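In: I need the structure of the sequence given here:
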Amino acid sequence: MATRVIYLCAALLGFFNCPQTPCAQQVPPAAYQLAAEDAGIPASVLFAVAQQESGLPLHGRLIPWPWTLNVAGVPARYPNRAQACSGLRRALLRVPATRVDVGLGQVNVGYHGHRVEQPCALLDPHRNLTIAATILREQHTPGEDWLVAIGRYYRPAEGPLAGRYRLSVQQRWARASGGRTENTTKPR
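Out: Numbering: from 1, shown residues only. Okay, here's the model as predicted:
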């Protein structure tokens, strides 16, 4: 039953847009394209970050899962938004908000909670993607490689952890962009 719910949700969010599974190139679903366009970043960057942050292996593909929490380094996936919101509220009673990441882009409640009215709003997939895309844009310096911004998204202080994260996301980015990982965005 849980696999069926996950498959249905993934289909509704537009993740199965390729004729075969697994796809050599995983085209970012429309929600990623819209959020990325609004922020002025490559959709493939946003999709690769979401795969890294909340990816759930399903039928040979890595599907970003919108109701994912990471509480003090421990990931948890919920079958729906209501249960994830309950889990988020409980988590915020136990640990500091800076130790809680939420949703597709694993937006940190402590550092980015000011971007929403209340923490459970981060569980809205479109809102979460919009915020994640905005954070990526804020971490990017024009003319700089997007991989640097990707590393800062994960760890603004950079360092070895950001370097390992960049390498992992780079592989996903290459698949989402058909092997092109150059700095291609329209000027804002």
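In: Quick one: mean pLDDT over stretch 36-48.
Out: Mean pLDDT, computed over stretch 36-48, is 95.
In: what's the helix or strand for P28?
Out: Assigned by DSSP states H and E, P28 belongs to neither a helix nor a strand.
In: burial count for it?
Out: P28 has 25 neighbours, counted by other Cβ atoms under 10 Å. Backbone N, C-alpha and C define where each C-beta goes, glycine included.
In: per-residue confidence for it?
Out: So P28 comes in at 91 (pLDDT).
In: Pretty sure it sits against V45.
Out: No. In this structure, P28 is not within contact of V45 by Cβ atoms under 8 Å, at 9.1 Å.
In: what helix or strand does I150 sit in?
Out: Per DSSP H and E: helix 146-154 holds I150.
In: List the buried residues of that helix.
Out: 146-147, 149-154 (16 or more other Cβ atoms under 10 Å).
In: Which single one of those is nearest to L104?
Out: The closest of the buried residues of helix 146-154 to L104 turns out to be Y153 (Cβ to Cβ; 12.9 Å).
In: you'd agree that closest one is up against A133?
Out: No. Y153 is beyond contact range of A133, at 10.2 Å (criterion: Cβ under 8 Å).
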